[in-house]
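Chemist: Sequence plus predicted model, see below.
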Protein chains: 4
Amino acid sequence: MTAILLLSCPDKKGLVATISNFILENNWNIINLDEHVATDEKMFFIRVEWEIPENDFKKEVINLKFEPLAEKINATWQIKFSNDKTRMAIFVSKYDHALQDILWRHKINELNTEIVAIISNHKDLEELTKIYNIPFHHFPINKETKIFQERKEIELLKSLDVNVIVLARYMQILSDNFVTQFPNKIINIHHSFLPAFIGSNPYKQAFERGVKMIGATSHFVTNNLDEGPIIAQDIIKISHRDSVKDLIRKGRDLERIVLANALHYFLEHRVLTYKGKTVVFE
Amino acid sequence: MTAILLLSCPDKKGLVATISNFILENNWNIINLDEHVATDEKMFFIRVEWEIPENDFKKEVINLKFEPLAEKINATWQIKFSNDKTRMAIFVSKYDHALQDILWRHKINELNTEIVAIISNHKDLEELTKIYNIPFHHFPINKETKIFQERKEIELLKSLDVNVIVLARYMQILSDNFVTQFPNKIINIHHSFLPAFIGSNPYKQAFERGVKMIGATSHFVTNNLDEGPIIAQDIIKISHRDSVKDLIRKGRDLERIVLANALHYFLEHRVLTYKGKTVVFE
Amino acid sequence: MTAILLLSCPDKKGLVATISNFILENNWNIINLDEHVATDEKMFFIRVEWEIPENDFKKEVINLKFEPLAEKINATWQIKFSNDKTRMAIFVSKYDHALQDILWRHKINELNTEIVAIISNHKDLEELTKIYNIPFHHFPINKETKIFQERKEIELLKSLDVNVIVLARYMQILSDNFVTQFPNKIINIHHSFLPAFIGSNPYKQAFERGVKMIGATSHFVTNNLDEGPIIAQDIIKISHRDSVKDLIRKGRDLERIVLANALHYFLEHRVLTYKGKTVVFE
Amino acid sequence: MTAILLLSCPDKKGLVATISNFILENNWNIINLDEHVATDEKMFFIRVEWEIPENDFKKEVINLKFEPLAEKINATWQIKFSNDKTRMAIFVSKYDHALQDILWRHKINELNTEIVAIISNHKDLEELTKIYNIPFHHFPINKETKIFQERKEIELLKSLDVNVIVLARYMQILSDNFVTQFPNKIINIHHSFLPAFIGSNPYKQAFERGVKMIGATSHFVTNNLDEGPIIAQDIIKISHRDSVKDLIRKGRDLERIVLANALHYFLEHRVLTYKGKTVVFE
């Protein structure tokens, strides 16, 4: 088993020594350490992973033990164990490729997560969720019901103790109220190389602009549409031969890969945010 | 020697037959043919390359011979020979990497062009042009002199019979009047994946947005800044470790490669434009 | 509906004219034409796609009509219609990712094919094929039974009129006799950038060599292991942080994409072979 | 100014603590730390960069101070300062692109190095070295003179206190004796994605195999041809349209970029070797 500390704080001398001494004092061995200082912002970011014997009684109280130290350096932090599974909810509408891909990866144990709910404003993908035995919740949404339905969704998510919400091509814009409840916990996949082609129909926008590549971007959702911190991004080349339909087809592969990369980073506790950007310790 | 026809016209039946029969009637052999129909626009695009013996007297009159046919199908077209060198002028300011790269490629005969002038609003790169023996022209520009200096530049370019103008990180915005004189003949390199980060300081914009890749785009210049038809585009991955300075360094390589690709396509007569987009027969 | 001609023959003057005149004489309109001459080999390759009205009686006899022309130019050729579905069989062993991906693409109509059989030497993936309603055939194989079982497989494939056989991580080496029955019809996915890391355990080989990227290659199967004509190939970057297990995980995505690309090209009649290589009209 | 420690040793508990405490005790601030444990080999690798005031007298004796600590953990290590310039010699033959590129990067201060000698078995590139004011040494080599000339080269390199030797498309194979003098200090650029296409004419080999991509690999030179530890590697896509000449042209860009990346990593003290592989802290 390993423990993973993910921490950010104002930079100052001795931070690595402080943290590594803490680990040494507990007689643990670091197997991975990645650190970054944003020198312009004087901010310190670190991810440390170390081995802990399964039967080490200290792991029960590790958070309590680390807290005073974290407070002294004014840190935002978390410690997770490699056998903890992050609890995930997935929001979808009608497109199945992103959902299908996550479910398949989950099934072959590629993603260290427990998928506790699939939530949709449509019924189209219910059947798919049955194959994988994941509870499906239908919340139809229109202008009138939106606020009410979101409130029920939030209740459900909180009751399920959800730690990450994936928008797998969910075609509704979440309200500010919803987003505010889950800061840095909602991950979206947008089918363009943001900040290009914000908003709807990015493939059509790309076709009309005549770009020579299309992209996909996975990012945290904030209250500004498609402007949250970017976690992962990639592109593929296209040409004049590609119709909008071709872009949609080619883009599906890209969306799946980019979203999966972002989820890997998140679920392995590799992502920190600061000032609208991410630090991703790959 | 080869001849290269580059042609676009409204689509209709028999266009390939018409063109290939013309070539066959002259007893020539096609070695490359690439065709595209934009079905939504009902437009036909073609590039054909065929062998012509050096001493074939018909090549002198090939344009005359092809003209009636082209008129009948309402075509925009050109026929060039592989040993014609396109006459190029390069505009630069202070950055040398794009210029340096073009000059080196030209020297090793990678680019089928004759560079007839290097024009700059600064004197910084004059020395470099001397190494490669290319005439350097200094046109300092400020708000007051801009229109006047541009007029002199246009005169020079016309007197030199220039067929392509490359903006190799030229830091002035050309006036509408200037651009209008050289439609689809001015090629710019912009250091972002357009349409993201239009305008100045795209690397700084990219750093601040926290994107996970930076790009470069080579495009024809039109009267809308950074909105002309895109010829070539590429990206490289970056991370939180990269400062703006790192982006500038990494981007230099990208700019050089993307601009070189666009010039290859143009100088080998592979680029057609239509409705603000390009057809590039790679 | 469209018709697609895929043809290769010795190069000579007038080939494009001959073919395009044939299409024009039948009053059809070309919408796509891509041509290549291998000048060193003096070989001509072409793919032409043209519109044919559904009710055009000439399409019934198009092969008969084209035959004399093809004979005159000594061509290897085929004409297919866009609504013909190529009949596919898939061979698998225990890994499900490549199979899963093809079945999903098939279900959303991304691949223009009818999957008529899934054949395996193991029973592990039978359940998956049931979800997608594809007949599953179990042919357990060991040294003694191999020749006999292959004979039964060949019979089955011929009785099903199979036109393409996909080895979706099939862990048996097909006998020369088997391969000879289906020239240029067996498509394999190999998990390395061939010709590097031929044979078994390419990810382990890659790890041990310390390469900075891993690849996948889709190719036609011939009687020389991993040496058939390459249809599609791609790589992703890796680092010292990646264990063999990481390579396997990252490689799965690559294998899926590269195999899908190869299948797209094949099923859209874009692939010609010559001298152990392919011409792929993308 | 910063100091950079690059260190590898057998893994054990407390290594990060030991090193970070050393830095803290000297009142310095870490700005970059990257660590890797090869768990199968139980080896520890680290790169740490920290700020040191220019006038800090302790920097004069930093190696002496660190030595006992390094000895205790049985480490292979070096400490360099950011304003130390690594002394480089470049070996070339007739191709200029790799040399040209390094010289240009050096001139614009992209590479933290002092180029102290350019050595060639031909005179073709002497002129180019004059433009950049770098001493050029001509050592013509044939079967008879090889050992003798190499001895003179080694003498020269030692007298110049050279710390890295770059083979920028040097067309001679260095003798085992030569290579043994400069372990992990000779960096080569090979124009293929190794281990594919070892040896001469890799572009021709690639053309003949019909691969869909070509590559370049920068690696340390050992006594086994093209088998040394790989530092950097990349590929570009090609197609059936590309002749060997096209591959050479396209490959030039790739070689330049891949070699430059490898040099960046080396000159920024980011490369460790172990068991025929590299750890590159990007």
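Modeler: Noted; the coordinates are in hand.

Chemist: for chain B, what are the nearby residues on the stretch 1-150 of chain A?
Modeler: By Cβ under 8 Å from any Cβ of the partner chain, the part of the stretch 1-150 of chain A that sits against chain B consists of A:36, A:38, A:40, A:45. Yep, even glycine has a C-beta here, placed from its N, CA and C like the rest.

Chemist: Now the buried members of the residues you listed.
Modeler: For these, burial is judged from neighbour counts taken by 16 or more other Cβ atoms under 10 Å in any protein chain shown, and it is met by A:36, A:38, A:45.

Chemist: what does the stretch 51-200 of chain A put close to chain C?
Modeler: With Cβ under 8 Å from any Cβ as the criterion, the stretch 51-200 of chain A comes near chain C at residues A:96-97, A:100, A:104, A:108, A:110, A:131.

Chemist: Tell me how far A:Val162 lies from C:Ala75.
Modeler: Look at A:Val162 and C:Ala75: by Cβ to Cβ, to the nearest Å, they are 62 Å apart.

Chemist: Tell me where the stretch 1-150 of chain A has helices.
Modeler: A:15-25, A:62-72, A:97-107, A:126-131, A:146-159 (DSSP state H, counting those that start in this stretch).

Chemist: partners of the helix or strand A:Val279 falls within in the sheet?
Modeler: With elements delineated by DSSP states H and E, A:Val279 resides in strand A:277-280, which encompasses its position. For strand A:277-280, the paired strands and their directions (DSSP bridges) read strand A:271-274 (antiparallel).

Chemist: Go ahead and name everything in contact with the partner strand.
Modeler: In this structure, residues lying in contact with strand A:271-274 by Cβ atoms under 8 Å, 6 or more residues apart in numbering or on different chains are A:6, A:8, A:38, A:41, A:43, A:45, A:47, A:184, A:220, A:229, A:231, A:265, A:278-281.

Chemist: do that again at 6 Å, thanks
Modeler: In this structure, residues lying in contact with strand A:271-274 by Cβ atoms under 6 Å, 6 or more residues apart in numbering or on different chains are A:8, A:43, A:45, A:184, A:229, A:231, A:265, A:278-280.

Chemist: Check stretch A:102-110 too.
Modeler: Stretch A:102-110 is contacted from outside by A:111, A:115, A:132, C:100, using Cβ under 6 Å, 6+ apart.

Chemist: For the third one, which non-adjacent residue is closest in space?
Modeler: Read it as A:Tyr132. Ranked by Cβ to Cβ, 6 or more residues apart in numbering or on different chains and with sequence neighbours excluded, the top spatial neighbour of A:Tyr132 is A:Leu103, at 4.5 Å.

Chemist: Report how many residues lie close to that neighbour.
Modeler: Neighbourhood size, A:Leu103 [other Cβ atoms under 10 Å in any protein chain shown]: 21.

Chemist: With A:Lys237 instead?
Modeler: For A:Lys237, the count of nearby residues is 15 (other Cβ under 10 Å).

Chemist: Quickly list what it is bridged to.
Modeler: When bridges are taken as DSSP bridges, the partners of A:Lys237 come out as A:Met213.

Chemist: Was I right to think it contacts A:Val211?
Modeler: No - at 9.9 Å, A:Lys237 and A:Val211 do not qualify as touching, with contact defined as Cβ atoms under 6 Å.

Chemist: ok, the residue in the stretch 101-250 of chain A positioned nearest to chain D to B:Asn261 distance?
Modeler: Proximity to chain D, evaluated over the stretch 101-250 of chain A using Cβ to the nearest Cβ, is greatest for A:Lys237 at 8.3 Å. Look at A:Lys237 and B:Asn261: by Cβ to Cβ, they are 11 Å apart.

Chemist: How about A:Pro53?
Modeler: Following Cβ to Cβ, the distance that separates A:Pro53 from B:Asn261 is 56 Å.

Chemist: Who wins on neighbours among the residues of the stretch 51-200 of chain A next to chain C?
Modeler: A:Gln100 (23 neighbours).

Chemist: what comes up buried for stretch A:266-282?
Modeler: Here stretch A:266-282 shows A:266-274, A:277-281 as buried, counting by 16+ other Cβ under 10 Å.

Chemist: just to revisit the earlier point, can you tell me what sits against the strand holding A:Val279?
Modeler: Strand A:277-280 has contacts (Cβ under 6 Å, 6+ apart) with A:36, A:45, A:229, A:231, A:265, A:270-272, B:210, B:240.

Chemist: Next step: these restricted to strands.
Modeler: Secondary structure defined by DSSP state E assigns A:36, A:45, A:231, A:271-272 of the contacts of strand A:277-280 to strands.

Chemist: Can you pick out the most distant pair from these?
Modeler: Looking at those by Cβ to Cβ, the two members farthest from one another are A:His36 and A:Ile231, with 15.4 Å of separation.

Chemist: Nearest to chain B among the residues of the stretch 1-150 of chain A next to chain B?
Modeler: For chain B, the nearest member of the residues of the stretch 1-150 of chain A next to chain B is A:His36. The distance, counting by Cβ to the nearest Cβ, is 6.0 Å.

Chemist: Enumerate every residue touching the nearest residue to that closest one once chain neighbours are set aside.
Modeler: By the measure of Cβ to Cβ, 6+ apart, the closest residue to A:His36 outside its immediate chain neighbours is A:Phe45, 4.5 Å from it. The neighbourhood of A:Phe45, defined by Cβ under 6 Å, 6+ apart, consists of A:8, A:36, A:272, A:279.

Chemist: hmm, try it at 8 Å
Modeler: When contacts are counted by Cβ under 8 Å, 6+ apart, A:Phe45 touches A:7-8, A:35-38, A:272, A:274, A:279, A:281, B:240.

Chemist: what's the answer for A:Val16, then?
Modeler: Listed by Cβ under 8 Å, 6+ apart, the contact set of A:Val16 reads A:35, A:46, D:16, D:20, D:23, D:30, D:33.

Chemist: Rebuild these as TSV, extending it with pLDDT.
Modeler: Putting those into TSV (pLDDT from 0 to 100) gives the following:
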residue	pLDDT
A:Glu35	97
A:Ile46	98
D:Val16	98
D:Ser20	97
D:Ile23	97
D:Ile30	97
D:Leu33	97
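
Chemist: what two of the residues you listed have the greatest distance between them?
Modeler: Using Cβ to Cβ, the pair of those lying farthest apart is A:Ile46 and D:Ile23, separated by 14.8 Å.

Chemist: Quick one: name the residues of the stretch 1-150 of chain A near chain D.
Modeler: With the criterion set to Cβ under 8 Å from any Cβ, the stretch 1-150 of chain A comes near chain D through A:11-17, A:20-21, A:23-24, A:27-37, A:39.
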